[in-house]
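*Asks:* show me how the following folds:
(one chain, ligands or ions: 1)
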Amino acid sequence: MMCTVLAIDNSGLCYKVCSVCERTLPDNPTSLCKFCNFNAFKSASLSSKRLFRLLMSVASDTKVFTVICFDRAAKVLFGCSADEFFDFAKLHPFAAETTSKILEGEMFKMTLSRPKNGYAQHLRVVQVVPLRSEFQPAIESLKEFYGVRSGS
Ligand SMILES: [Zn+2]
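*Replies:* Numbering: from 1, shown residues only. Model prediction:
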């Protein structure tokens, strides 16, 4: 399905998960995964990481609707991991807003699926392919915008 991005809800672009089992963690810097604690992971690998979860308003040729985009598909749009984006956004407070502006109006070929549970009210983006051959992921545009040289 061809979709144009109309808007991205930039209030919560990513969420924290346990880096071992990828269960969702509360957004509290000291919280560790209870499940993995029970299972006696005593190593330093018990930590958290971030994954993307985007709510986007998109338009097809017939309608406008909201989709949810999880980590794998969102990485195509962002061109980096959620942790990298989070670190970038810490240094550049308006990075999330700017990302929305960069991606708004961009056309993608999207594969959508109806979720079995959870965010059942929204279709889920399974795969996303940019239509423009010169499309560059948001992080590249952001680095140009903020004058950050990649690799530095
Ligand atoms: Zn865990």
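
*Asks:* show me which residues of this protein are close to the ion?
*Replies:* For the chain, the residues in contact with the ion (CB under 5 Å from the ion) are 18, 20-21, 33, 35-36. Yep, even glycine has a C-beta here, placed from its N, CA and C like the rest.

*Asks:* could you turn the buried ones of those residues into a PyMOL selection?
*Replies:* Filtering those down to the buried ones (16 or more other CB atoms under 10 Å) takes a single PyMOL command:
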select buried, resi 18+20+33+36
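
*Asks:* from the residues of the chain next to the ion, pick the one nearest residue 141.
*Replies:* Of all these, residue 18 has the smallest distance to residue 141: 31.2 Å, by CB to CB.

*Asks:* for that closest one, what are its contacts?
*Replies:* Under the criterion of CB atoms under 8 Å, 6 or more residues apart in numbering, the contact list for residue 18 reads 25, 32-33, 35-36, 46-48.

*Asks:* ok, 6 Å please
*Replies:* Counting by CB atoms under 6 Å, 6 or more residues apart in numbering, residue 18 makes contact with 25, 33, 36.

*Asks:* and for residue 6?
*Replies:* Going by CB under 6 Å, 6+ apart, the list of residues near residue 6 reads 57, 59.

*Asks:* could you find the closest non-adjacent residue to residue 100?
*Replies:* Distance criterion CB to CB, 6 or more residues apart in numbering; nearest residue to residue 100, sequence neighbours excluded, is residue 8 at 4.3 Å.

*Asks:* residue 14 - how many residues pack around it?
*Replies:* Neighbours of residue 14 under the rule other CB atoms under 10 Å: 22.

*Asks:* from what I see, it and residue 82 are in contact.
*Replies:* Yes - look at residue 14 against residue 82 with CB atoms under 6 Å: they come within range, at 4.0 Å.

*Asks:* need the overlap of contacts for these two.
*Replies:* Shared contacts of residue 14 and residue 82, defined by CB under 6 Å, 6+ apart, are found at 50, 52.

*Asks:* tell me the SS of the residue nearest the centre of the chain?
*Replies:* Centroid-nearest residue in the chain: residue 52, 2.9 Å away (criterion: CA atoms, centre = their mean). The three-state assignment at residue 52 reads strand, by DSSP: H, G, I helix; E, B strand; the rest coil.

*Asks:* show me what contacts it?
*Replies:* Residue 52 makes contact with 14, 71, 74, 82 under the criterion CB under 6 Å, 6+ apart.
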